[in-house]
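J.: sequence plus the predicted model coming up.
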Number of protein chains: 4
Amino acid sequence: MGMFSEELLREARPIWKKFLPHRFLKEVAEGKISKEAFARWLVNDYYFVKNALRFMAILMAKAPDNLLGFFAESIYYISQELTMFKENAEKLGVELEGEIDWRAKAYVNYLLNTAYAGSFLEGFTAFYCEERAYYEAWKWVKENLKEKSPYIDFINHWSSEDFRKYVERIEEILNSLAEMHGDFEKERAKKVFLEVSEFELLFWDIAYGGIEYGGDKTSKGEDI
Amino acid sequence: MGMFSEELLREARPIWKKFLPHRFLKEVAEGKISKEAFARWLVNDYYFVKNALRFMAILMAKAPDNLLGFFAESIYYISQELTMFKENAEKLGVELEGEIDWRAKAYVNYLLNTAYAGSFLEGFTAFYCEERAYYEAWKWVKENLKEKSPYIDFINHWSSEDFRKYVERIEEILNSLAEMHGDFEKERAKKVFLEVSEFELLFWDIAYGGIEYGGDKTSKGEDI
Amino acid sequence: MGMFSEELLREARPIWKKFLPHRFLKEVAEGKISKEAFARWLVNDYYFVKNALRFMAILMAKAPDNLLGFFAESIYYISQELTMFKENAEKLGVELEGEIDWRAKAYVNYLLNTAYAGSFLEGFTAFYCEERAYYEAWKWVKENLKEKSPYIDFINHWSSEDFRKYVERIEEILNSLAEMHGDFEKERAKKVFLEVSEFELLFWDIAYGGIEYGGDKTSKGEDI
Amino acid sequence: MGMFSEELLREARPIWKKFLPHRFLKEVAEGKISKEAFARWLVNDYYFVKNALRFMAILMAKAPDNLLGFFAESIYYISQELTMFKENAEKLGVELEGEIDWRAKAYVNYLLNTAYAGSFLEGFTAFYCEERAYYEAWKWVKENLKEKSPYIDFINHWSSEDFRKYVERIEEILNSLAEMHGDFEKERAKKVFLEVSEFELLFWDIAYGGIEYGGDKTSKGEDI
């Protein structure tokens, strides 16, 4: 039957194909990305990492004893990305605490709520999805890098051997968790994987900015 | 200084003006709304109500003893909306379990996560915002209704005297809660009110459907 | 193989035998319970009911859509017990907001934490355990009642046909949930059932009061 | 008015005096503790540390952005205690995964539930209480140590300069948090501090083992 992680990746392939590579990744690899687009991504991804740490923490609180050490190390490992963001933002002259796109908020709140209300398997599946997607995305950039990039720290980090091992460890844990669960639970976790995949795709679009929203703008409205 | 609820409504007025009335509300009042638009709203609002019940339940779990009775009654009261949706969906020939717009998901996950991770005051402020906004929206429709409407059950319910009293009770509780809290906590709660107001506005747009999203559609992608 | 609920009750029988009937239940049935003992139980059980409502609310937030109505009704139904406590406390001249025994706190915090951090099946199993145990306990009292009791409202409520149906509904839901889950999840839920059974047993002892605790009482201690 | 941490310690002094020093701490310092008593403590404290990590993780998920780094480091720091327990248990010939006293469970579930349902200030106050109490307890042992101890790793760890700085950092954060909050919130946090103090006291008793509990043992019970 194969590993659970393989099933997940197979089912989500139509979605993953849309961001492997996404226009953003191609433009970073080719050195064609605008400063504005990269800055928008930077601000929103910094927000994402902070909340990914919260997401991991909620999962840790539900984790079996034998995974507490793994989570402690993983949270510490990912927390160091915050420094990478700060240092690069300064170097690039970007104000990190900028406005957050609501697609980023939608993604983050989905993850947090899945960790709080979902089963541990569902939460862990979401965790695998977002980390694996990041590894694949930036590995693609690394392999297709055309020239010296001002964004090399990000490219190197998420395509590194350390990051690969980290994702591999998550995958191993997920597969052994999945083996202990019945089909009902696994089917639910698959839905989470597809949902997170959609959010990954959506997230890359943020770099290119604004979806206009906000109701009927010609209306003068009524006082309440 | 005035009531906390008044401060909230004053600060959020620029947002509320955009949906009081929103194109959707005007079209419902004028009997001009398309079946498709109403159906889209119906499906997404049914999803919203189910998750609003979960949101209220998370808040109830954090509530002080003297609010347990209020929450038990409120959850029961709102749960009856599920029946209203089912009966009207059948009458209108709409399949209730349709596809959910990700703006609805974004809103719902924000509420759930605020209830889980925020302070009780923040969560309760979100609660007040969404119920008050609904009352104002549908009261506007009721007062501006041009003709017999196939959607009269919804219009009557959310503009009813019962619903008004329910919202008033939430407002009273919020104001007495706010009095016990310092400025730091109230400032945070205000931010929640503004955020929920933005989501209310965003939600009405759903009826008019699809924002195109989904990455670089010309890309053929790479296998993972 | 039989129903999951039957397995649970069979495995927990050695524990349940210790409280079916417990000294407290026998003394209530025989009219021999002291006022002090009953008052201590009353105060702690009122605390329990308030937190059982919170426990049910946390579960509701994790429940699948088709159980939202069930939870809304159940929370409302159990919330009415609060009135029964208040009315009877007044009649009996007992101050309801008395000191809470830490065995009651231990039980309550276990339930709340199981609902927050455990799987929905684990939480629902705990829910079944505490409600079923109450029904059995008070049904025993009802069937063995020797004379007119000042506590008849409690006896009648938890042995009533309504309460029986409520417990039966919980049992049906639990059994259908269990069918969808694999052995790993069910084994974990069984452990929860045994743990809650121990707490039920422990709870009845509270009526007879104080376990002395509090460290080395001969010590004079050191200032910090 | 002084620092919030000072107020807390002053109000809790009557409780802290009962465990500074507790019989357990004196016997460890004097080398008189029985192997059985120490083993019982070891097993229960290992259980405590695992759940304290979960408790910290739940708090981290609610923490403001500027504390994410602090929590990531703290969780990693405390996770290393697990190794200390394993190594020493092996050296001492103690089976770490032994039976857990329900006083330990009561404490742990109180902490976890406070982190989930309480305000961030309440949770953080509980965090300060348990870490500060541990530092004071083991510093007392360190200062009163009569001879070479087989338990020196524990004594050294919790009285170390590193641990002192860690507790000091928690205290600073708590005090700056408290300054931002009003009296209502601070009063609630004080109650948490007193409650956790009681649990700290209760916990030390575990070494001396069993409180008999378990209902009416002469009863033959009834089948359900």
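T.: Thanks, I have the structure now. Residues are numbered from 1 along each chain as shown, chains lettered A, B, ... in the order given.
J.: for chain A, which spans come out with low pLDDT?
T.: For chain A, the stretches flagged by pLDDT under 70 are A:1, A:210-224.
J.: so which residues on chain A come close to chain D?
T.: With Cβ under 8 Å from any Cβ of the partner chain as the criterion, chain A meets chain D at residues A:50, A:53-55, A:57-58, A:60-63, A:65, A:68-69, A:71-73, A:75-76, A:78-79, A:82, A:112, A:115. All C-beta atoms are positioned from the backbone trio N, CA, C, and that covers glycine.
J.: switch the cut-off to 6 Å
T.: Counting by Cβ under 6 Å from any Cβ of the partner chain, chain A comes close to chain D at A:50, A:53-54, A:57-58, A:60-61, A:65, A:68-69, A:72, A:75-76, A:79.
J.: quick check: the most centrally placed residue in chain A vs chain C, distance?
T.: The residue lying closest to the centre of chain A (Cα atoms, centre = their mean) is A:Glu130, at 3.9 Å. A:Glu130 sits 22 Å away from chain C, taking Cβ to the nearest Cβ, to the nearest Å as the criterion.
J.: from the chain's centre, how far out does the helix or strand where that residue lies sit?
T.: Using DSSP states H and E, A:Glu130 maps to helix A:120-143. Centroid separation for helix A:120-143 versus its chain: 6 Å, with Cα atoms, centre = their mean, to the nearest Å.
J.: now stretch A:102-118
T.: Here the centre of stretch A:102-118 is set off from its chain's centre by 11 Å, with Cα atoms, centre = their mean.
J.: what does stretch A:41-56 give?
T.: On the basis of Cα atoms, centre = their mean, stretch A:41-56 sits 8 Å off its chain's mean C-alpha point.
J.: now do the buried residues in stretch A:131-145.
T.: Neighbour-count burial for stretch A:131-145, counted by 16 or more other Cβ atoms under 10 Å in any protein chain shown, picks out A:131-142, A:145.
J.: let me fix that: stretch A:197-212
T.: A:197-208.
J.: and if you look at stretch A:54-72?
T.: Neighbour count says stretch A:54-72 has A:54-63, A:67-72 buried, by 16+ other Cβ under 10 Å.
J.: same question for stretch A:147-165.
T.: Using 16+ other Cβ under 10 Å as the test for burial, stretch A:147-165 gives A:149, A:151, A:154-156, A:158-159, A:163.
J.: can you pick out the most distant pair from these?
T.: Spanning the widest gap among the buried residues of stretch A:147-165 are A:Ser149 and A:Phe163, at 17.2 Å by Cβ to Cβ.
J.: between the residues of chain A next to chain D, which is closest to B:Ala178?
T.: In terms of Cβ to Cβ, no member of these lies closer to B:Ala178 than A:Arg54, at 26.2 Å.
J.: check the secondary structure at the closest one for me.
T.: helix (DSSP: H, G, I helix; E, B strand; the rest coil).
J.: measure the nearest residue to it once chain neighbours are set aside to A:Ile75 for me?
T.: Once flanking residues are discounted, A:Arg54 sits nearest to D:Ala61: 4.4 Å by Cβ to Cβ, 6 or more residues apart in numbering or on different chains. For D:Ala61, the distance to A:Ile75 equals 11 Å [Cβ to Cβ, to the nearest Å].
J.: same check, this time on A:Lys26
T.: Going from A:Lys26 to A:Ile75 by Cβ to Cβ gives 32 Å.
J.: more neighbours: which of the two?
T.: A:Ile75 (25 against 17; other Cβ atoms under 10 Å in any protein chain shown).
J.: all helices of chain A, in order?
T.: A:4-19, A:23-30, A:35-62, A:68-92, A:102-117, A:120-143, A:152-158, A:161-180, A:183-205 (DSSP state H).
J.: what's the closest of those to B:Phe120?
T.: Nearest of these to B:Phe120, taken as Cβ to Cβ: helix A:102-117 at 15.9 Å.
J.: tilt between the closest one and helix A:35-62?
T.: 10 degrees (axes from the mean of the first three to the mean of the last three Cα atoms, to 10 degrees).
J.: who's in contact with A:Asn175?
T.: When contacts are counted by Cβ atoms under 6 Å, 6 or more residues apart in numbering or on different chains, A:Asn175 touches A:3-5.
J.: which among those gets closest to D:Ser34?
T.: Out of those, the member with the shortest distance to D:Ser34 (by Cβ to Cβ) is A:Phe4, at 48.6 Å.
J.: I figured that closest one was touching A:Ser176, is that so?
T.: No - the criterion here is Cβ atoms under 6 Å, and A:Phe4 misses it with A:Ser176 at 9.2 Å.
J.: when these two are compared, which one has more neighbours?
T.: A count of neighbours by other Cβ under 10 Å puts A:Phe4 above the other of A:Phe4 and A:Ser176, at 23 against 11.
J.: ok, for the more buried one, nearest residue in space, not its chain neighbours?
T.: Spatial nearest neighbour of A:Phe4, chain neighbours left out: A:Ala178 (3.5 Å); criterion: Cβ to Cβ, 6+ apart.
J.: any idea how far the one you found lies from A:Ser197?
T.: Separation of A:Ala178 from A:Ser197 (Cβ to Cβ): 17 Å.
J.: likewise A:Lys35?
T.: Going from A:Lys35 to A:Ser197 by Cβ to Cβ gives 29 Å.
J.: before we move on, the earlier item: now do the same contact list for the residue nearest to A:Arg54.
T.: Residues counted as contacts of D:Ala61 (Cβ under 6 Å, 6+ apart) are A:54, A:57-58.
J.: could you rerun that using 7 Å?
T.: For D:Ala61, the contacting residues are A:54, A:57-58, B:117, by Cβ atoms under 7 Å, 6 or more residues apart in numbering or on different chains.
J.: cool, and A:Ala12?
T.: Residues in contact with A:Ala12 (Cβ under 7 Å, 6+ apart) are A:193-194, A:197.
J.: check A:Ala63 too.
T.: Applying Cβ under 7 Å, 6+ apart, the residues near A:Ala63 are A:71, A:120.
J.: cutoff 10 Å now
T.: By Cβ atoms under 10 Å, 6 or more residues apart in numbering or on different chains, the contact set of A:Ala63 is A:56, A:69-71, A:120, A:123-124, A:173, C:117, D:50, D:53-54, D:57.
J.: same question, A:Phe120
T.: By Cβ under 10 Å, 6+ apart, A:Phe120 lies in contact with A:59, A:61-64, A:67, A:177, A:181, A:185, A:189, C:117-119.
J.: let's see 7 Å
T.: Contacts of A:Phe120 (Cβ under 7 Å, 6+ apart): A:62-63.
J.: ok, A:Asp45 to A:Tyr151 distance?
T.: Look at A:Asp45 and A:Tyr151: by Cβ to Cβ, they are 11 Å apart.
J.: tally of neighbours for A:Lys146?
T.: The number of residues packed near A:Lys146 is 11, by other Cβ under 10 Å.
J.: count of neighbours near the closest residue to A:Tyr135 other than its chain neighbours?
T.: Leaving aside its chain neighbours, A:Tyr135 sits nearest to A:Val167 (4.8 Å; criterion: Cβ to Cβ, 6+ apart). Neighbour count for A:Val167, taken as other Cβ under 10 Å: 19.
J.: A:Val167 against A:Tyr134, yeah?
T.: No - A:Val167 is beyond contact range of A:Tyr134, at 8.2 Å (criterion: Cβ atoms under 7 Å).
J.: of all residues in chain A, which one is closest to chain C?
T.: In chain A, the residue that lies nearest chain C is A:Gly182 (2.9 Å; Cβ to the nearest Cβ).
J.: A:Ser149 against A:Gly31, yeah?
T.: Yes - using Cβ under 7 Å, A:Ser149 and A:Gly31 qualify as a contacting pair, with a distance of 6.2 Å.
J.: pick out the most distant pair among the residues of chain A next to chain D.
T.: So, the residues of chain A next to chain D by Cβ to Cβ: farthest apart are A:Lys50 and A:Asp65, at 27.2 Å.
J.: before we move on, the earlier item: redo the buried residues of stretch A:197-212 as a markdown table? Include distance to C:Lys86.
T.: Converted to a markdown table, the buried residues of stretch A:197-212 look like this (distance: Cβ to Cβ, whole Å):
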| residue | distance to C:Lys86 |
| --- | --- |
| A:Ser197 | 52 |
| A:Glu198 | 50 |
| A:Phe199 | 48 |
| A:Glu200 | 53 |
| A:Leu201 | 55 |
| A:Leu202 | 51 |
| A:Phe203 | 52 |
| A:Trp204 | 57 |
| A:Asp205 | 56 |
| A:Ile206 | 54 |
| A:Ala207 | 59 |
| A:Tyr208 | 60 |
